[in-house]
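I need the structure of the sequence given here:
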Amino acid sequence: MIVVLHVNLLIGDTSALERLLVGDEASIGSASRTIFVIGRIDEVGVDPHFAARDFLVRRHRKIEELLTIFRSKSIVVRPQQVLAVAADPYGLVGDRSPVTQADYAPAARVWDGVAALCEPLLSLDGERLLSLAVEAALDRARSALRLAKHRVESEIDDLDAAQSARARLERLVEMSLAELRLLTRSIKGRTRRVAEDHASEVLAEALGAGPDAVDVMAKRLDTWWEDPRLGSAMDSLSVEIERELDEWSRRHASEFDRELKRFEFAAETKRSGKDQGGGLAGGVHAAAVGVKHVGVVVKAIGNRDAVYAIGKALGAKFKPWGAVKLGAKVGKAGAILGVVSVGFDIMDWAMDAKKEARRELARQTAAEHIRATTDDVVAGLLDQEEGPMNYVRGVDALFAGHLQQLVDQGMRQQQSMVDAAHRRDGMMELHAAGESLAEVPTERAAR
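Numbering: from 1, shown residues only. Sure, this is the predicted structure:
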């Protein structure tokens with residue numbers, strides 16, 4: 001390669017030239033195979049016709065100045081690679097057109113340096129050109145390997161970030177699910193306690209009733225779950241449950257929202273970097289659009305986009321339970337229990353309760369009736385179509401499914417990282433072989 005420089009050498013932004021010479025993630029450095037041409041050397045301040053020695057000294061200093069600049073940037077360039085020329089001595093030709101060799105002053109050819117540049121290039125024969133072509137092909141192959149290795153390393157970095165993001169999201173899902181299941185057990189336990197407390201209260205009232213109130217209490221004991229006091233107690237409990245579920249929903253929705261914002265911030269950061277329009281930047285947008293197709297997204301190669309899609313889908317699940325009064329459907333439990341044979345005879349129990357000698361049998365019969373019906377009453381209260389248990393069961397199933405998706409995603413990510421690492425190692429071996437081959441004399445490589 002030939003790099004032409006102004007007589008003032010490196011001016012302005014030189015980052016592109018430095019990448020060209022040193023190399024970057026996409027190409028190998030070409031400093032050792034570059035000819036540097038300092039142009040307009042006739043502008044160093046002396047006329048070679050009148051002060052030839054001074055001109056040669058200044059010309060040499062200019063070359064040394066360029067080499068010093070390269071050394072300061074850790075760029076290795078040999079003095080033989082630097083030529084100083086005056087392609088248009090004194091600017092006598094300028095941009096005149098047409099122009100021929102005869103338009104240039106013959107006296108300037110002694111010092112203008114053009115011959116030192118042109119003659120070796122014009123004298124290249126077929127064998128030497130073939131050798132240079134081999135070097136160029138090898139350089140292209142080495143650059144392609146370097147670029148491929150960089151892309152694989154970027155893939156590994158992205159997978160590593162995806163693993164971290166997935167692990168954070170997985171912990172959030174596990175925490176949300178664990179707390180939801182604690183709430184589920186609490187709802188079941190408190191519903192049972194309310195039902196049992198009410199049943200015990202009715203039982204105590206029935207057993208303590210006088211002879212004249214036994215018949216009334218017997219009917220109340222028979223369908224103790226239809227007592228309005230149970231409905232009122234369940235309504236009070238439903239207020240507590242609604243508050244707790246709403247708190248759970250808001251708290252965990254906020255945590256998921258923060259995690260999704262981390263994804264979006266990473267996407268914006270990458271979009272404003274080198275990889276514009278690709279990778280996470282483009283993928284997050286696609287994932288946000290395709291949240292309904294999480295199952296399809298997750299089957300793709302493990303990356304942050306699929307994790308983002310799962311998180312986005314999860315975030316949509318934190319909808320507050322539309323609470324209904326649990327006590328409003330106490331009668332429904334009674335309808336269900338109406339077809340259940342519990343072996344309780346009102347008339348027999350009332351007669352036993354009136355006789356002192358059979359009072360203990362009445363107590364045992366009443367207690368057995370309570371025990372036999374409590375489970376069904378509790379189940380009827382919990383299984384209301386619009387009740388909290390249907391809500392928590394549905395959310396639990398969704399979260400458990402997404403958690404399994406994240407676990408599966410983690411396995412795919414891990415396997416992808418292993419595969420990418422193997423590809424990177426293979427490329428590193430090829431790259432090392434290319435470095436060794438580049439040190440072989442060109443003539444041997446051409447053969």
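
Show me how the protein divides into domains.
Recorded structural domains for the chain (assignment: automatic domain parsing) are 1-108, 146-435.

can you tell me which residues contact the nearest residue to Arg33 once chain neighbours are set aside?
Of all residues not flanking Arg33 in the chain, Met1 sits nearest, at 6.5 Å (C-beta to C-beta, 6 or more residues apart in numbering). (Each C-beta comes from the backbone N, C-alpha and C, glycine too.) Taking C-beta atoms under 8 Å, 6 or more residues apart in numbering as the criterion, Met1 is in contact with Leu20, Ser30, Arg33, Thr34, Ile35.

Selecting buried members of these in ChimeraX, what would you type?
Command for ChimeraX that selects the buried part of the contacts of Met1, burial taken from 16 or more other C-beta atoms under 10 Å:
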select :20,34
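
contacting residues for Arg192?
Residues in contact with Arg192 (C-beta under 8 Å, 6+ apart) are Thr374, Val378.

mind redoing it with 7 Å?
Going by C-beta atoms under 7 Å, 6 or more residues apart in numbering, Arg192 touches Val378.

ok, which pair from the contacts of Met1 is furthest apart?
Leu20 and Ile35 (13.0 Å; C-beta to C-beta).

coming back round to it: show me the contacts of Met1 that map onto helices.
Within these, residues falling in helices by DSSP state H are Leu20.

tell me the secondary structure for Glu242?
helix (DSSP: H, G, I helix; E, B strand; the rest coil).

Please identify the buried residues of stretch 12-20?
So for stretch 12-20, counting by 16+ other C-beta under 10 Å, buried means Leu17, Glu18, Leu20.

how about those in JSON lines, adding distance to Trp111 and pLDDT?
Formatted as JSON lines, the buried residues of stretch 12-20 follow (distance: C-beta to C-beta, whole Å; pLDDT from 0 to 100):
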{"residue": "Leu17", "distance to Trp111": "27", "pLDDT": "91"}
{"residue": "Glu18", "distance to Trp111": "31", "pLDDT": "91"}
{"residue": "Leu20", "distance to Trp111": "30", "pLDDT": "89"}
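
mind checking the SS state of the closest residue to Leu56 other than its chain neighbours?
In space, and not counting its chain neighbours, Leu56 is closest to Pro48: 8.0 Å by C-beta to C-beta, 6+ apart. At Pro48 the chain is in coil, as set by three-state DSSP.

number of nearby residues for Pro48?
By the criterion of other C-beta atoms under 10 Å, Pro48 has 22 neighbours.

Correct me if wrong: it contacts Phe55.
Yes: using C-beta atoms under 7 Å, Pro48 and Phe55 qualify as a contacting pair, with a distance of 4.0 Å.

Specify which member of the contacts of Met1 is nearest to Asp227.
Using C-beta to C-beta, those come closest to Asp227 at Leu20, 89.4 Å.

any idea what sits nearest that closest one, other than its immediate chain neighbours?
Spatial nearest neighbour of Leu20, chain neighbours left out: Ser30 (6.2 Å); criterion: C-beta to C-beta, 6+ apart.

Just to check, the one you found is in contact with Leu21?
Yes: judged on C-beta under 7 Å, Ser30 makes contact with Leu21 at a distance of 6.3 Å.

Give me the below-cutoff pLDDT ranges for the stretch 101-250 of the chain.
Scanning the stretch 101-250 of the chain for pLDDT under 70 picks out the ranges 209-214, 216.

Next one: the residue nearest to Arg78 when sequence neighbours are not counted, what pLDDT does it get?
Spatial nearest neighbour of Arg78, chain neighbours left out: Ser32 (8.0 Å); criterion: C-beta to C-beta, 6+ apart. We have a pLDDT of 87 for Ser32.

Same question for Val298.
pLDDT for Val298: 35.

Which residues does stretch 197-209 contact?
Counting contacts by C-beta under 7 Å, 6+ apart, the residues outside stretch 197-209 that touch it are 217-218, 220-221, 224, 227, 229-230, 233, 363, 366-367, 370, 374.

Let's have the residues you listed in JSON lines, adding secondary structure.
Compiled in JSON lines, those are given as follows (three-state DSSP):
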{"residue": "Met217", "secondary structure": "helix"}
{"residue": "Ala218", "secondary structure": "helix"}
{"residue": "Arg220", "secondary structure": "helix"}
{"residue": "Leu221", "secondary structure": "helix"}
{"residue": "Trp224", "secondary structure": "helix"}
{"residue": "Asp227", "secondary structure": "coil"}
{"residue": "Arg229", "secondary structure": "helix"}
{"residue": "Leu230", "secondary structure": "helix"}
{"residue": "Ala233", "secondary structure": "helix"}
{"residue": "Arg363", "secondary structure": "helix"}
{"residue": "Ala366", "secondary structure": "helix"}
{"residue": "Ala367", "secondary structure": "helix"}
{"residue": "Ile370", "secondary structure": "helix"}
{"residue": "Thr374", "secondary structure": "helix"}
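
and the residues you listed, which are buried?
Among the contacts of stretch 197-209, those classed as buried by 16+ other C-beta under 10 Å are Met217, Ala218, Leu221, Trp224, Asp227, Leu230, Ala233, Arg363, Ala366, Ile370, Thr374.

need those residues in JSON lines with distance to Ser143, can you?
Below are these laid out as JSON lines (distance: C-beta to C-beta, whole Å):
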{"residue": "Met217", "distance to Ser143": "95"}
{"residue": "Ala218", "distance to Ser143": "96"}
{"residue": "Leu221", "distance to Ser143": "91"}
{"residue": "Trp224", "distance to Ser143": "85"}
{"residue": "Asp227", "distance to Ser143": "85"}
{"residue": "Leu230", "distance to Ser143": "80"}
{"residue": "Ala233", "distance to Ser143": "78"}
{"residue": "Arg363", "distance to Ser143": "94"}
{"residue": "Ala366", "distance to Ser143": "91"}
{"residue": "Ile370", "distance to Ser143": "85"}
{"residue": "Thr374", "distance to Ser143": "79"}
